[in-house]
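In: sequence and computational prediction follow.
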Amino acid sequence: MGTFELLLHGFGVALQPTNLMWALVGSVLGTAIGILPGIGPALTIALLLPVTTALAPTSAFIMFAGILYGAMYGGSTTSILLNTPGEAGSMMTALEGNKMARAGRGAAALATAAIGSFVAGTIATLCLTFAAPAVAELAFYFKPTDYFAITALAFCSVAVVMGTSRTRGFISLFLGIAIGVIGIDSMTGQARLTFGNMQLLRGIALTVVLVSLFAVGEILYVASRYRSTPGVMAPIKGQLWMTRQDFARSWKPWLRGTAIGFPMGALPGSGSEIPTMLSYTLERKLTKYPEEFGKGAIEGVAGPEAANNAAAAGILVPLLTLGLPTSATAAVLLAAFQNYGLQPGPFLFTSNPALIWGLIASLYVGNVMLLVLNLPLVGIWVQLLRIPRPQLYAGILVFAMIGVWGLAGSWVDLTIMLVVGLAGYIMRVYDFPIAPVLIGLILGPMAETQLRTALAAGQGNPMVLVSTPLSAILITLAVLLLALPILLKRLRATA
Amino acid sequence: MSTDERNTTGGSPTAASTTPKPYWIGLGLMVMGAVWLYNAFGLPQGARYAAVGPGLFVTVAGGALLVLGALLMVQIWRGETFEAQDAEDADGATKMDKRAFLTALVAVALPIVTMGPLGMPFTATLSFVLVANAFGSRRWYLDLVYGAVLASGSWFLFNQLGLQLGRFFPPLGV
């Protein structure tokens, strides 16, 4: 069956009334949490993971995809109207978007963000539709050696790219890997680092770590440095929508943003910050109106918003084809797959095409829903910002508690929540990146299994790790990623 | 926040001088690394059928934390600065509000003790009031009502969805 035919089948799944409803639920939730502070897509999906026991996998993933895309739409609204980016990827949007809003062009900024998100989301989903099966086809030939090399490269790039220094990036990563080895070793049944505690035998769940780092850490941190002066919301009532000139200035940044965002999203470590930053810089260089940049240039909203959404689609390529998460949200999605006993990768495309293609088709559907939800209804969404902060953060803790307690009803998990939450607080105060912890936690056991399988097949010879062309290239890249900055520094010092 | 503001806060002398040298983070990491390494020595490093046993990754993780902790301490000694991150409702440059932090911390620690014996709705309500208080809400009786409604509502909803949240209020056996 060709890709097109499979996609049509996917639409058959995605357009079923129940799945349409879940896509709507996801889109609404996603937009809401994109607007609200203190809660992002990774945390929301993690808190909803328990729902997977009651929902069919297709419906659950359709809802999660709506959350992933919706958060990108919602984040731009607060950036533009309030100058408070809800997600890291919306930081660049705030630069020009809020200036536009203050100059009375808020409606146009919101429109170019929403339409740009739609254009980018749709094109990127199209790329995903055709790229994913091709990569999956390739991945059939990957050996454990190759998978180990991929995870090794992912580790290095995540640790190097995220955060302020490589040391801090690697500390975060190895904290995650260290937490990941706790529990029963899957290959030998040995108990590791359980300190005689029966509950630790099953390991520490990703949900507990994620909820503690993102929700509890954030609550403790914001409480300790709370800035209670509310932002001033720029009015948008009765404003002129996008003009013909706005469209003329927006469509190229949309396309360029997509071209940057999609491949960058597929790379580990870049998240949504780097593609949006790149897109912003590029638009600033290419614009015919350089004098407007910094004062509210529409290109500076259109480009980053498109890049942002395209990157969200990009993370799905390595996730679906290789089972490789490249961001915190992707790590939670992988955990959701594992909850269902599914392992994303090439085999999922053949064993469960209804799920994969239903999910991809739902992305097209979700994008249309989100455009409708966000463009005319934006006035309703901003009302969410009226929720007073004390009760909002208190509510987030209640949900965090339910997420952790609902896993196993164990006080051990609640204790871990306190300890890891404190760690999350410390990491915010001393500026350690948080996402590498989650990548290390979820990719660590994967890397370990692949490494041990590869070494067993190679009878213990470490050279087996670079025995295939792909693994040799990837390991070299990983080493270069580590060594190059140091070498360049040395060279510059001697020159 | 505008770009220029961002630039001035980065690496300004005041920010550097207000941050004391946090050697304890490096030390903490080294202790954690040592615990992992110690545990790894009790595990077989090699297995008969696989060249690497269950101990290898524990050794790697412990060793890495030990080395990175030491490295961090060297960097701190050389004058590495740490700046608190900016969050949506938080300003990294402001001083820590100890009372608010500790109140929120109690709210997070409370469930360890009360979740089992007193149930989730009761615990969540109490934590709700505490966090709201940490964020400056002074009308605790209103928060008590909000918290109770949210906690009981989510208890019913998530129970319907198949989550095991325990009894509503165990002391009364309901």
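Out: Done, it's in. Remember, predicted model here, so these are calculated numbers, not experimental data. Numbering: from 1, shown residues only, chains lettered A, B, ... in the order given.

In: which parts of the stretch 51-200 of chain A are helices?
Out: A:57-82, A:91-100, A:106-139, A:144-161, A:166-180 (DSSP state H, counting those that start in this stretch).

In: pick out the residue in chain A sitting closest to chain B.
Out: Nearest residue of chain A to chain B (Cβ to the nearest Cβ) works out as A:Gly460 at 3.0 Å. No exception for glycine: its C-beta is placed from N, CA and C like everyone else's.

In: look at that residue and give its secondary structure.
Out: coil (DSSP: H, G, I helix; E, B strand; the rest coil).

In: pLDDT value on it, please?
Out: Each residue has a pLDDT score; the one for A:Gly460 is 79.

In: can the longest helix anywhere in chain B be said to contact chain A?
Out: Scanning chain B for the longest helix, with DSSP state H as the assignment, gives helix B:55-77. Yes. Legend: contact between helix B:55-77 and chain A by Cβ under 8 Å from any Cβ of the partner chain is shown at B:56-58, B:60-62, B:64-65, B:68-69, B:71-72, B:75.

In: same thing with stretch B:157-170?
Out: Yes. On the criterion Cβ under 8 Å from any Cβ, stretch B:157-170 is in touch with chain A at B:158, B:161-166.

In: for that stretch, which outside residues touch it?
Out: A:50-51, A:53-54, A:402, A:405-406, A:409, B:115-122, B:152, B:155, B:173-174 (Cβ atoms under 8 Å, 6 or more residues apart in numbering or on different chains).

In: list the buried residues of that stretch.
Out: By 16 or more other Cβ atoms under 10 Å in any protein chain shown, the buried positions in stretch B:157-170 come out as B:158, B:163, B:165-166, B:168.

In: OK, contacts around residue 72?
Out: This is for chain A. Counted by Cβ under 8 Å, 6+ apart, A:Met72 has contacts A:30, A:34, A:87, A:89-90, A:117, A:121, A:272, A:308-309, A:312.

In: hm, I was asking about chain B
Out: B:Leu72 touches A:167-168, A:171, B:25-26, B:29, B:80, counting by Cβ under 8 Å, 6+ apart.

In: which among the residues you listed gets closest to A:Ala456?
Out: Closest approach to A:Ala456 among the contacts of B:Leu72 (Cβ to Cβ): A:Ile171, at 30.5 Å.

In: which bits of the stretch 151-300 of chain A sit near chain B?
Out: So the stretch 151-300 of chain A meets chain B at A:165, A:167-168, A:170-171, A:174-175, A:177-178, A:181, A:185, A:187-188, A:190, A:192-193, A:216, A:218-228, A:294 (Cβ under 8 Å from any Cβ).

In: which stretches of the stretch 251-400 of chain A form helices?
Out: Counting by DSSP H, counting those that start in this stretch, the helices of the stretch 251-400 of chain A are A:273-286, A:299-314, A:316-322, A:328-339, A:346-351, A:353-374, A:378-381, A:389-408.

In: spit out the contact partners of A:Ala423.
Out: Per Cβ under 8 Å, 6+ apart, neighbours of A:Ala423: A:175, A:212-213, A:217.

In: coming back round to it: would you list the buried residues of stretch B:157-170 in TSV and tack on secondary structure and pLDDT?
Out: Listed next are these as TSV, based on DSSP: H, G, I helix; E, B strand; the rest coil; pLDDT from 0 to 100:
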residue	secondary structure	pLDDT
B:Phe158	helix	87
B:Leu163	coil	80
B:Leu165	coil	89
B:Gly166	coil	88
B:Phe168	coil	91
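
In: and those, which two are furthest apart?
Out: B:Leu163 and B:Phe168 (13.5 Å).

In: mind checking how far A:Leu455 is from A:Gly444?
Out: 16 Å (Cβ to Cβ, to the nearest Å).

In: repeat that for A:Ala215.
Out: 22 Å.

In: again, but for A:Arg166
Out: On the measure of Cβ to Cβ, A:Arg166 and A:Gly444 end up 19 Å apart.

In: mind checking which of those two has more residues around it?
Out: A:Gly444 (23 against 19; other Cβ atoms under 10 Å in any protein chain shown).

In: send the alpha carbons of the one helix or strand the more buried one maps to over as CSV?
Out: Using DSSP states H and E, A:Gly444 falls within helix A:435-457. What follows is helix A:435-457 as a C-alpha-only set of coordinates in CSV (Å, rounded to 0.1, in the frame of the first residue of the first chain):
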residue,chain,number,x,y,z
ALA,A,435,14.9,18.4,29.7
PRO,A,436,18.2,16.4,29.7
VAL,A,437,17.1,14.7,32.9
LEU,A,438,14.1,13.3,31.2
ILE,A,439,15.9,12.3,28.1
GLY,A,440,18.5,10.5,30.2
LEU,A,441,15.8,8.8,32.2
ILE,A,442,13.9,7.5,29.3
LEU,A,443,16.8,6.9,26.8
GLY,A,444,19.2,5.5,29.4
PRO,A,445,17.6,2.1,29.8
MET,A,446,17.2,2.0,26.0
ALA,A,447,20.9,2.8,25.4
GLU,A,448,21.8,0.1,28.0
THR,A,449,19.8,-2.6,26.4
GLN,A,450,21.1,-1.8,22.9
LEU,A,451,24.7,-1.6,24.2
ARG,A,452,24.5,-4.9,26.0
THR,A,453,22.8,-6.7,23.1
ALA,A,454,25.3,-5.3,20.7
LEU,A,455,28.3,-6.3,22.8
ALA,A,456,26.8,-9.8,23.4
ALA,A,457,26.4,-10.2,19.6
